[in-house]
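Chemist: Just a sequence and a predicted model for now, questions to come.
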Amino acid sequence: MTGPFASLLKRDLTLVARTPGDYTSPVIFFVVCTTLFAFVAGTDVSLLKTIGPGVIWVSALLASMLSLEGFFRSDYEDGTLDQILTTPAPLPLLVLAKIIAHWISAGLPLLLISPILGILMNLDLFSTIILVVTIAISTPVFSLIGAFGASLVIAQKKAGMLLSLLTLPLCVPILIFSVSAVLAAADQAPVAGHLMLLGAFFMFALTLSPFATASALRVMLGN
Amino acid sequence: MLQINNITGVRGDRLLFKNLSFAVNEGELLLIKGRNGAGKTSLLRLICGLAAPETGDIFWNNESITKIRPEYFRALIYIGHDNGVNLDLTIRENLEFHRSLKACPSKNQIPEILEQLGIARYLDVPCRFLSAGQKRRVALARLMISDAKLWLLDEPFNSLDEQALNAVVGFVSDSLDRGGMCLATSHQAIDWGDTKVSEILLGNST
């Protein structure tokens, strides 16, 4: 007998394990997109070094968008969400369980593959480490923001485009500070400021998103 | 006791029912009747707190359900039109998940419940491989995994065969005997035995 939070998390992770296509396709997109840029840059190693962090980051952001549409999709369609909304457990807590499960399936694989892409883009060791750190802080933010976006478009069938329009602008600050952190690392400049700001974004999203998402779900399912 | 006071329900721009009031006491079964589109499902969703009525209030033990949400959700179980059954999980996984969502689990063992519904041998089969009627039975098995007092059933007998239908009727009358309450929508004429049944009819306004 486990609590609702743990059991929802366990259930979602079981589902992730049973449908590998859901988490492999964003990773493949991430790798392919980054690799294609490496071809475009040709033999110009310095160009690769300049655009590398940006390319990796834009690919990571777009790859994260791919998995958002399915955030609440199956739970909404099969009626599980109605059940989740009529339980005594606090809804923001249950939403947080879904967000954690989503990050493990969508964010963690990107994080694991990112050092290889850093090396591919000819980043030095320190920049690669900073790249991994920024992705580790930022992908949870994408899941948090994405949950809110996905809850708003839950009743729409083909909402991928709308969802991107809603969530991408919110993710732009993360993109800016992450790329500047990696570029600063490449220039041997201090990176702590950038990382702290990213941490602040993370805390901000973590404290707000579960509540906002829970309210949005109640409103959207009440119609 | 569940009390509905003057509630008005709308869907989009359409008025479904206006100033509807009724009460359900312990041991009572209320059937919600009406033609398709009359607002039976909408009424159930209002009562289970998934949607808010345009006007009026719903009271559970004399307190508005919006004020005592966790307590109210602890007391109710809702079987909607959609089964709430994930197709990639087995019957056991689905039911154990739902059991943990509900605060007051009953002592009934999952295999025994499934035995009564005639799907015990599919316990570890992913629900994707079950027929529509079997999936419906999995949804209805949820009734027995918690000790919820208030049962809200939306077309519970859809795609059920005789045996499962009788099992569910048995579940309902057992629950009512224990002081439960049940609201159900159904198109079928069901023999409820000696259970006290009242009815409301929706959809006279248009």
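Modeler: Received the coordinates, thanks.
Chemist: now the strands for chain B?
Modeler: B:2-11, B:14-24, B:29-33, B:55-60, B:63-64, B:76-79, B:150-154, B:181-185, B:197-201 (DSSP state E).
Chemist: Just send these back as TSV, with distance to chain A and mean pLDDT too.
Modeler: In this view, the C-beta of every residue, glycine as well, is placed from N, C-alpha and C. Formatted as TSV, the strands of chain B follow (distance: least, CB to the nearest CB, whole Å; pLDDT from 0 to 100):
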stretch	distance to chain A	mean pLDDT
strand B:2-11	9	88
strand B:14-24	13	88
strand B:29-33	17	90
strand B:55-60	13	91
strand B:63-64	15	91
strand B:76-79	5	92
strand B:150-154	9	91
strand B:181-185	14	91
strand B:197-201	22	86
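Chemist: I'd like these as TSV, with mean neighbour count and distance to A:G193 appended.
Modeler: Listed next are the strands of chain B as TSV, based on neighbours: other CB atoms under 10 Å in any protein chain shown; distance: least, CB to CB, whole Å:
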stretch	mean neighbour count	distance to A:G193
strand B:2-11	18	53
strand B:14-24	15	56
strand B:29-33	19	62
strand B:55-60	17	53
strand B:63-64	13	50
strand B:76-79	24	50
strand B:150-154	23	54
strand B:181-185	24	59
strand B:197-201	13	65
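Chemist: Redo these as JSON lines? Include distance to A:A147.
Modeler: Putting the strands of chain B into JSON lines (distance: least, CB to CB, whole Å) gives the following:
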{"stretch": "strand B:2-11", "distance to A:A147": "27"}
{"stretch": "strand B:14-24", "distance to A:A147": "32"}
{"stretch": "strand B:29-33", "distance to A:A147": "35"}
{"stretch": "strand B:55-60", "distance to A:A147": "29"}
{"stretch": "strand B:63-64", "distance to A:A147": "29"}
{"stretch": "strand B:76-79", "distance to A:A147": "24"}
{"stretch": "strand B:150-154", "distance to A:A147": "28"}
{"stretch": "strand B:181-185", "distance to A:A147": "33"}
{"stretch": "strand B:197-201", "distance to A:A147": "39"}
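Chemist: Which elements pack onto the top helix by length along chain B?
Modeler: As assigned by DSSP state H, the longest helix anywhere in chain B is helix B:162-177. Other helices and strands packing on helix B:162-177, by 3 or more CB pairs under 8 Å, 6 or more residues apart in numbering or on different chains; DSSP states H and E, are helix B:110-117, helix B:132-145, strand B:150-154, strand B:181-185.
Chemist: Of these, which is nearest A:F202?
Modeler: Evaluated over the helices and strands packed on helix B:162-177, closeness to A:F202 peaks at helix B:132-145, with 37.1 Å, by CB to CB.
Chemist: Please give the element, helix or strand, for A:D12.
Modeler: Using DSSP states H and E, A:D12 sits within helix A:4-18.
Chemist: Over to the residue of chain A found nearest chain B: give its phi and psi.
Modeler: Across chain A, the shortest distance to chain B (CB to the nearest CB) belongs to A:G79, at 2.8 Å. Backbone torsions of A:G79, given as degrees, to the nearest 10, read phi 90, psi 0.
Chemist: of all of chain B, which residue lies closest to chain A?
Modeler: B:D82 (2.8 Å).
Chemist: What residues does that residue make contact with?
Modeler: A:77-79, A:82 (CB atoms under 8 Å, 6 or more residues apart in numbering or on different chains).
Chemist: follow-up on the earlier one: what's next to the longest helix of chain B, contact-wise?
Modeler: Contacts for helix B:162-177 (CB under 8 Å, 6+ apart): B:27-29, B:116-118, B:133, B:136-137, B:140, B:143-144, B:149, B:151, B:153, B:156-157, B:160, B:182, B:184, B:190-193, B:195-196.
Chemist: same for whichever strand or helix holds A:G54, what does it pack against?
Modeler: For A:G54, the enclosing helix or strand under DSSP H and E is helix A:45-66. Counting contacts by 3+ CB pairs under 8 Å, 6+ apart, helix A:45-66 packs against helix A:21-41, helix A:108-120, helix A:125-152, helix A:160-186.
Chemist: can you pull the buried residues of it?
Modeler: By 16 or more other CB atoms under 10 Å in any protein chain shown, the buried positions in helix A:45-66 come out as A:48-49, A:51-61, A:63-66.
Chemist: what's the angle from it to helix A:125-152?
Modeler: 30 degrees (axes from the mean of the first three to the mean of the last three CA atoms, to 10 degrees).
Chemist: mean confidence for the longest helix belonging to chain A?
Modeler: Using DSSP H, we find that the single longest helix of chain A is helix A:192-221. Summarised as a single mean, pLDDT over helix A:192-221 is 94.
Chemist: do stretch B:139-147 as well
Modeler: Stretch B:139-147 comes out at a mean pLDDT of 88.
Chemist: CA atoms only: put that stretch into CSV for me.
Modeler: The C-alpha trace of stretch B:139-147 is given here as CSV (Å, rounded to 0.1, in the frame of the first residue of the first chain):
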residue,chain,number,x,y,z
ALA,B,139,-14.0,-0.1,-14.3
LEU,B,140,-16.9,-1.4,-12.2
ALA,B,141,-14.5,-3.5,-10.1
ARG,B,142,-13.4,-0.1,-8.7
LEU,B,143,-16.7,0.0,-6.9
MET,B,144,-15.5,-2.8,-4.6
ILE,B,145,-12.0,-1.7,-3.9
SER,B,146,-13.0,1.3,-1.8
ASP,B,147,-15.5,1.9,1.0
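Chemist: Same question for it: list its buried residues.
Modeler: Residues of stretch B:139-147 classed as buried by neighbour count (16+ other CB under 10 Å): B:139-147.
Chemist: Up against chain B, what does chain A have?
Modeler: Within reach of chain B by CB under 8 Å from any CB of the partner chain, chain A has these residues: A:1-4, A:6-8, A:11, A:14-15, A:18-19, A:74-75, A:77-80, A:82-90, A:221-223.
Chemist: gap between B:A132 and B:N6?
Modeler: Applying CB to CB, to the nearest Å, one obtains 38 Å for the distance of B:A132 from B:N6.
Chemist: Next, give phi and psi for the residue of chain A most remote from its centre.
Modeler: Residue farthest from the centre of chain A, counting by CA atoms, centre = their mean, is A:T43 at 31.7 Å. Backbone geometry at A:T43, expressed as degrees, to the nearest 10, gives phi -90, psi 0.
Chemist: low-confidence ranges in chain A?
Modeler: In the predicted model, chain A carries pLDDT under 70 at residues A:1.
Chemist: repeat that with 80
Modeler: By pLDDT under 80, the low-scoring segments of chain A are A:1-2, A:22, A:41-43, A:45, A:223.
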